[in-house]
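Asker: Any chance you can model this:
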Amino acid sequence: MIMRRSLLCALAIGLVVTCPIAAFAKDEDAHEKITVTDIAGREVAVKAPVQRMLLGEGRQLYLIASLEPDNPLARIVAWRDDLIEADPATYEQYREAFPELAELTSFKGQEDSLIDIESAIIQKPDVVLLNLEAMRANEDAKYIEKLAELDIPVLYVDFRHHPLENTEPTIRLLGEIMGRQQRAEEIIGFRRAAMARVTDVIAENRPSAPTVFIERIGGYSQDCCFTFGPENFGKYVELAGGHNIGSGVLPSTFGQLNPEQVIVADPEHVVVTSADWEAYVPGGRWIPLGPGADTDTLRDKLQWFTTRDAYAGITAQQSGNFHGIWHQFYNSPYEFVAVQQLAKWFHPELFQDLDPDATFAEYHRRFLPIEYRPGYAVTLTESPS
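Answerer: Got it, this is the predicted structure:
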């Protein structure tokens, strides 16, 4: 009863220090506090190895499972429900392997939004992991300070805003607080080797770069034409030996062009990022890319995109160079797979022996507790099998 009254008090008056903070204090244990630097450059004291993590984004499970595959849920006390809705096939794979996942406390939210602070208080995590782009919203609401009053530290991570710059530090950060430093370095080493299989070849051969338009979140909205600027998939395109149209137009990671701009740019390739978004857009034009997806269904759904007004008469429409790729590569530690796949589409003569499916399957075997199921990419340039 004392705990319940204390909790209601905290929620009612905005977690000011007049609430009995001691009611939320955690028992001392053998774990030591260490000071780490998060992706926002903040020095934060965390009791490590952490035992109770609250995930401000469910897709953070991609990395946590890589670091601790034997029982990836052992340290998670609550999470945002985005993995369930944005990546249902992967969620089902983890739920089959770990049925207790269905009982994990979940809460709503957006990528750049506030966490559910009530869940944070009730679950008493050792740490809260938040996306870097949520920093502004949390600063405005002073959530960091409110949680600090309860001795709940917050760490910012990033797979999305500057993934090629911040993914490795994020892997190291989680490896450090989880006591999985060696595992973290093994993951980083695998990623670097996988990326080098593309970048080394591009650097040596210096092929001409085809123009590429990335249609971001294809089928999520009827609007056109959402795309990427010079970061995220825009950077992946450049590493894979292509020229991303959005990089020369948009100043930020995400943005939108009008159809006329796309037609004038005349892309030689169109890459649609998409996924199974039945939870968001029932019956939509999205392409259900992801583990175990049916190739014929993917190709049929991709075919529709060739009919969009923005692509009327462009070179990619005439050549059939339309491709679909799993949207979640933009928000995971797996972007090396996307770079390999893009390179194979843009420069098939240079990458005949490169097999992105085999690369991702090997990552699963070495680092993940679920089996690999193909279905992350589709193209119209290949004959149906």
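Asker: how many other residues sit next to Ala312?
Answerer: The tally of other residues near Ala312 (other CB atoms under 10 Å) stands at 12. The way it works is simple: take the backbone N, C-alpha and C, and place the C-beta from them, glycine included.
Asker: Phi, psi for the closest residue to Val237 other than its chain neighbours please.
Answerer: Nearest non-adjacent residue to Val237, counting by CB to CB, 6 or more residues apart in numbering: Asn244, 4.1 Å away. With angles defined as degrees, to the nearest 10, Asn244 sits at phi -80, psi 120.
Asker: gap between Asn244 and Tyr372?
Answerer: Distance of Asn244 to Tyr372, computed by CB to CB, to the nearest Å: 28 Å.
Asker: neighbour-wise, which of the two wins?
Answerer: It is Asn244, of Asn244 and Tyr372, that has more neighbours when counted by other CB under 10 Å, with 29 against 18.
Asker: does the more buried one have beta-bridge partners, and which?
Answerer: Beta-bridge partners for Asn244, by DSSP bridges, are Val212.
Asker: OK, contacts around it?
Answerer: Counting by CB atoms under 8 Å, 6 or more residues apart in numbering, Asn244 touches Val212, Ile214, Phe228, Pro230, Phe233, Gly234, Lys235, Val237, Glu238.
Asker: Now the two most distant members of those residues.
Answerer: Val212 and Pro230 (12.8 Å; CB to CB).
Asker: These two: who's more crowded?
Answerer: Comparing Val212 with Pro230 by other CB under 10 Å, the one with more neighbours is Val212, at 31 against 17.
Asker: got a pLDDT number for that one?
Answerer: We have a pLDDT of 98 for Val212.
Asker: Does it touch Ala343 like I think?
Answerer: No: using CB atoms under 8 Å, Val212 is not in contact with Ala343; the gap is 11.5 Å.
Asker: Can you point out the helix or strand that includes Thr35?
Answerer: Using DSSP states H and E, Thr35 maps to strand 32-37.
Asker: partner strands of that strand, parallel or antiparallel?
Answerer: Counting by DSSP bridges, the strands paired with strand 32-37 are strand 43-48 (antiparallel).
Asker: Check the burial of Glu149 by counting its neighbours.
Answerer: For Glu149, the count of nearby residues is 14 (other CB under 10 Å).
Asker: same check, this time on Arg285
Answerer: Counted with other CB under 10 Å, residues neighbouring Arg285 total 17.
Asker: That one reaches Gln303, doesn't it?
Answerer: No: using CB under 8 Å, Arg285 is not in contact with Gln303, being 10.9 Å away.
Asker: All the strands of the stretch 251-385 of the chain, residue numbers only.
Answerer: 254-256, 269-274, 322-326, 377-379 (DSSP state E, counting those that start in this stretch).
Asker: Any chance of TSV for those, columns mean pLDDT and distance to Ala196?
Answerer: Supplementary listing: the strands of the stretch 251-385 of the chain in TSV, determined by pLDDT from 0 to 100; distance: least, CB to CB, whole Å:
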stretch	mean pLDDT	distance to Ala196
strand 254-256	95	28
strand 269-274	98	22
strand 322-326	98	21
strand 377-379	98	20
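Asker: export these to TSV and tack on mean neighbour count?
Answerer: Below are these laid out as TSV (neighbours: other CB atoms under 10 Å):
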stretch	mean neighbour count
strand 254-256	17
strand 269-274	27
strand 322-326	27
strand 377-379	23
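Asker: Serialize those strands to TSV and add fields for distance to Arg206.
Answerer: Output for the strands of the stretch 251-385 of the chain, formatted as TSV (distance: least, CB to CB, whole Å):
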stretch	distance to Arg206
strand 254-256	29
strand 269-274	19
strand 322-326	23
strand 377-379	24
